[in-house]
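Need a 3D model of the following:
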Amino acid sequence: MSALGKPKPATKPSNPASARPQTAYNKTVLSNGVRVISEEIPHVRSVSIGLWVDVGSRDEDPSTNGIAHFIEHMVFKGTRKRSIRDIAQSLESVGGYLNAFTGKEHTCFYARVLDDFAPLAVDVITDLILHPTFPEKELEKERGVVIEELKNAEDDPDDIIHDYFDKALFGPHPVGFPVIGTAKNLQSFQRDDLREFLGTHYVPSRTIIAAAGNIKHDDLVKLAERSYSDLRRTHTGERLRARPKPQKARSSEYKRPIQQAHVCLGTVGWSIKSRQRFPLMVLNSLLGDGMSSRLFQNIREKYGFAYTVYSFANMLSDTGTFGAYTGTDTKHIEASIELIWKEFRKLQSKGVSKSELERTKAQLKGGMMLSLESIPNRMMRLGTSELYFGQFNSMDSIVKHVEAVTSEDVHQIANELLHEERFSTVVFRPEENQKSLPFSPN
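Below is the predicted model of the structure:
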């Protein structure tokens with residue numbers, strides 16, 4: 001018993017739905033084509049703001065691969081009114097943060113600040129992409145920085161293996177390009193190359209300003225209009241991204257100076273717009289998401305062959321990938337692959353029980369709902385939803401789609417997807433004579 005005496009029984013709200021924090025979603029398209037979207041959450045004191053551009057590594061060719069990511073770095077090296085230090089201190093000096101990332105299909109510059117500093121955050125983010133100067137001196141230095149980032153990725157086999165996997169699935173198509181690019185390309189990019197790519201792709205019609213938190217939509221629109229007042233609508237026409245052609249399945253092995261073997265196997269999946277999206281999410285969660293998943297329980301818990309094992313389902317606008325990854329000892333490579341296929345075949349032959357399906361859907365829905373407690377996650381959902389669907393898909397609608405998935409749905413896509421002859425496999429093997437290097441503090 002607490003020092004305050006016997007606790008009183010908790011009282012339930014008369015209407016649970018009304019007890020949830022209320023939010024408001026709004027969307028405005030400026031005259032020049034910039035989309036402004038917001039989700040007002042008045043009970044918080046912060047706001048997360050993202051400037052999204054509908055461009056990524058799949059909009060490159062072999063000679064420009066890596067330029068979108070390099071531009072993401074270079075815009076932080078100075079604008080017409082801010083130096084490198086000014087940019088670095090702009091939001092940190094008020095307790096906020098500023099960052100960016102590049103993906104295969106979009107680039108995002110984002111910030112989180114106290115609500116009082118939302119105007120500053122919008123001004124800084126828009127300044128980065130509207131008025132970068134790409135100083136020559138910084139261009140040369142940043143080449144080295146990004147090449148070091150590339151080396152760092154190569155030293156992280158459980159991460160870089162997915163780039164090799166994408167290459168195996170999509171071949172020469174840009175979807176198979178690494179987002180970071182190649183050292184050869186990074187050495188070749190010039191200031192004019194960056195300006196040309198920026199001018200072609202960073203246009204108002206491909207720009208979204210998204211914000212979640214304590215901000216009024218009308219205020220966000222005014223801030224966006226102020227930043228983009230000098231830019232008119234550009235008639236770039238509809239961009240047609242070539243859909244990747246299916247590649248013949250293949251197996252590839254690479255010797256690397258590592259201690260552990262890494263295995264990634266999979267195939268082309270469905271796009272984020274496919275009707276199979278939600279059954280695939282359930283199947284992926286059931287197979288390899290979390291400690292209770294089939295792959296984890298079998299390969300790690302039952303046999304002890306791996307520390308890390310999981311499945312993945314990555315969905316893009318017109319294609320996707322599905323597969324499994326594990327890190328294991330060299331002598332367990334073949335056995336681990338066979339155990340993965342054992343779980344795949346079991347799902348094809350026996351399907352999923354009602355109790356396991358309900359548990360998996362509860363896990364999936366719970367994870368999605370918990371993510372809503374993060375204001376940055378809410379902003380990310382706004383941006384990606386607008387990019388892929390042109391509208392906001394509420395969490396309630398997504399949860400309903402997940403709830404509607406049946407055992408038959410999961411069984412059907414398992415039989416459509418899990419065909420061994422369609423799977424490509426990438427294996428990183430430790431180089432011969434590699435000796436184990438146990439940690440020693442001395």
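
Doesn't residue 148 lie inside a helix?
Yes: counting by DSSP: H, G, I helix; E, B strand; the rest coil, residue 148 is found in a helix.

okay, now it: neighbour count?
As a burial measure, residue 148 scores 10 neighbours (other CB atoms under 10 Å). C-beta here means a position set from N, CA and C on the backbone, and glycine is covered the same way.

now do residue 28
16.

What are the structural domain limits within the chain?
Here the domain parsing of the chain from automatic domain parsing is 23-227, 251-430.

quick check, distance from the longest one to the centre of its chain.
Domain 23-227 has its C-alpha centroid displaced from the chain centroid by 13 Å (CA atoms, centre = their mean, to the nearest Å).

Where does the prediction get shaky in the chain?
Along the chain, segments meeting pLDDT under 70 span 1-23, 233-238, 433-442.

make it 80
By pLDDT under 80, the weakly predicted segments of the chain are 1-23, 230-240, 246, 433-442.

can you map out the strands along it?
Using DSSP state E, the strands assigned to the chain run over residues 24-29, 35-40, 46-53, 97-102, 107-114, 207-213, 251-256, 261-268, 306-315, 320-328, 424-430.

Kindly compare burial across the ones you listed and name the winner.
Mean neighbour count (mean count of other CB atoms under 10 Å) peaks for strand 207-213 among these, with a mean of 27.

Between strand 46-53 and that one, find me the angle.
On the basis of axes from the mean of the first three to the mean of the last three CA atoms, to 10 degrees, strand 207-213 is oriented at 170 degrees to strand 46-53.

Neighbouring strands of strand 207-213 in the sheet, and parallel or not?
Strands that pair with strand 207-213, judged by DSSP bridges, come out as strand 35-40 (parallel), strand 46-53 (antiparallel).

Dump the C-alpha coordinates for the longest one into CSV.
Backbone C-alpha positions of strand 46-53 (Å, rounded to 0.1, in the frame of the first residue of the first chain) are rendered in CSV as follows:
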residue,chain,number,x,y,z
SER,A,46,6.8,20.3,-30.1
VAL,A,47,6.5,20.1,-33.8
SER,A,48,8.2,17.8,-36.3
ILE,A,49,8.6,19.3,-39.8
GLY,A,50,9.7,17.5,-42.9
LEU,A,51,10.4,18.8,-46.4
TRP,A,52,10.0,15.8,-48.8
VAL,A,53,11.1,15.7,-52.3
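
Now do it and strand 97-102, the angle between them.
Using the same axes, to 10 degrees: strand 46-53 against strand 97-102 is 30 degrees.

Can you lay out the strands paired with strand 207-213 as JSON lines showing distance to residue 366?
What follows is these, written out as JSON lines (distance: least, CB to CB, whole Å):
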{"stretch": "strand 35-40", "distance to residue 366": "21"}
{"stretch": "strand 46-53", "distance to residue 366": "22"}
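
Okay, now stretch 326-336: how far is its last residue from its first?
The first residue of stretch 326-336 is 8 Å away from its last residue (CA to CA, to the nearest Å).

List the buried residues of that stretch.
When burial is assessed from 16 or more other CB atoms under 10 Å, stretch 326-336 yields the following buried residues: 326, 327, 328, 332, 333, 336.

I'd like those residues laid out as CSV, including distance to residue 143.
CSV is the format used below for these (distance: CB to CB, whole Å):
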residue, distance to residue 143
326, 35
327, 32
328, 36
332, 40
333, 37
336, 39
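
got the phi/psi numbers for residue 54?
Backbone dihedrals for residue 54, given as degrees, to the nearest 10, come out at phi -80, psi 70.

Nearest residue to it in space, please, no chain neighbours.
Among residues not flanking residue 54 along the chain, residue 206 sits closest, at 4.0 Å (CB to CB, 6 or more residues apart in numbering).

and the one you found, how many residues sit next to it?
Per other CB under 10 Å, the neighbour tally for residue 206 reads 22.

Quick check: it vs residue 125, distance?
16 Å (CB to CB, to the nearest Å).

again, but for residue 297
Distance from residue 297 to residue 125, counting by CB to CB: 44 Å.

of those two, who's got more company?
More crowded of residue 297 and residue 125, by other CB under 10 Å: residue 125, with 24 against 14.
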